[in-house]
Structure formats: C-alpha cells, structure tokens
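> structure for the following, please:
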Amino acid sequence: MAKKKRTSSGDGAALDMTPMIDVVFQLIIFFVVTMRQEDILSHLDAMAPSGDTSANPQEKLELVTIDIYNPKQGGEGFLFNKTPVKYAQLDNEIRRAARNNKGSTVLLRCTKDSPHSLLVKALDLCNKHGMTNLAIFTI
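Sure thing, here's the model as predicted:
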C-alpha cells in the first residue's frame, strides 16, 4: 500500500493580525487612562527640596538688557536697561552687573538694521567681564 501525498491547495489557514493589534492598543489605552498619577509619582527616585528656610536665600538674579540699534538713528547704538549709553559707559555697566552676580542673564536685543559689529562689541564686553549667561534676540 503506497502512501498518498497530500497536496496543499495553497490556501492555508491565515491569521489576520488586525483585530489582535486593535485589542492590544485598546488595552494599552485602558491601562494608561485608568492608572493613577500617584502610582507614577511614588516610584520616581527624585530628590525633593528640603523645607529648611533658615539657609541664606540665593542672590536675586538681575536681568541685564542691552538693546543694539543702528547708530544712524542717533546715539552710539546701545541701550543699557532702556537707557542710551556710549561704549565706555556700557563697559562700566556690564562690569557693575558682573560684580553683583556673574550668573545674571544678559539679554541682547538687536534690531533688523543694527550693525553686526555692535553685537560683537557687546558680546566681547560680556566675555571680558565673565558674563556667560547670554540670550540674543532680533526685534
């Protein structure tokens, strides 16, 4: 008795994965929505600040604003905290601000038509006096 070979028709059982993926996404959404935030926060390994207020408070950081504009509009092209200043005065003001706190933020605001050389001069003064927390904007 000879064994017969089974012929496959090529239409084997195919498993459609789309419903299974839909169910998995629905379960993920369900667990994310029903999870309490306290569960997440209780497992974070973060150092909370101490409630000790007897320590000296940090110095208040001063915001230094230097506006740079086109000197054709009058002046030398610098405003220090909204006050027109010359280059030498700007040097003195940045020195004073650096003496108070070198960590203060220096906000350099340039107009569209201000010369790039004035921005470079202001940046050089900030570097000269150790002011490294700089932000440059175009207004």
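
> just checking, which helix or strand of the chain averages the lowest pLDDT?
Across the helices and strands of the chain, the lowest-confidence element by mean pLDDT, DSSP states H and E is helix 37-42, at a mean of 66.

> helix or strand right after that helix?
Counting by DSSP states H and E, the next helix or strand C-terminal to helix 37-42 is strand 63-68.

> what are the buried residues along that following strand?
Val64, Ile66, Asp67, Ile68 (16 or more other Cβ atoms under 10 Å). The way it works is simple: take the backbone N, C-alpha and C, and place the C-beta from them, glycine included.

> doesn't Leu125 lie inside a helix?
Yes - assessed by DSSP: H, G, I helix; E, B strand; the rest coil, Leu125 belongs to a helix.

> what's the burial count for the residue lying closest to it once chain neighbours are set aside?
Computed as Cβ to Cβ, 6 or more residues apart in numbering, the closest residue to Leu125 that is not its neighbour in sequence is Ile94, at 5.0 Å. Look at Ile94: counted by other Cβ atoms under 10 Å, it has 22 neighbours.

> report the contact partners of Ile94.
Val64, Ile66, Phe80, Val106, Leu125, Cys126, Lys128, His129, Met131 (Cβ atoms under 8 Å, 6 or more residues apart in numbering).

> of those - the most surrounded one?
Ile66 (26 neighbours).

> can you classify Arg109 as helix, strand or coil?
Applying three-state DSSP: Arg109 is strand.

> next up, the contacts around it.
Neighbours of Arg109 in contact, by Cβ under 8 Å, 6+ apart: Thr65, Ile66, Asp67, Ile68, Ile136, Phe137, Thr138, Ile139.
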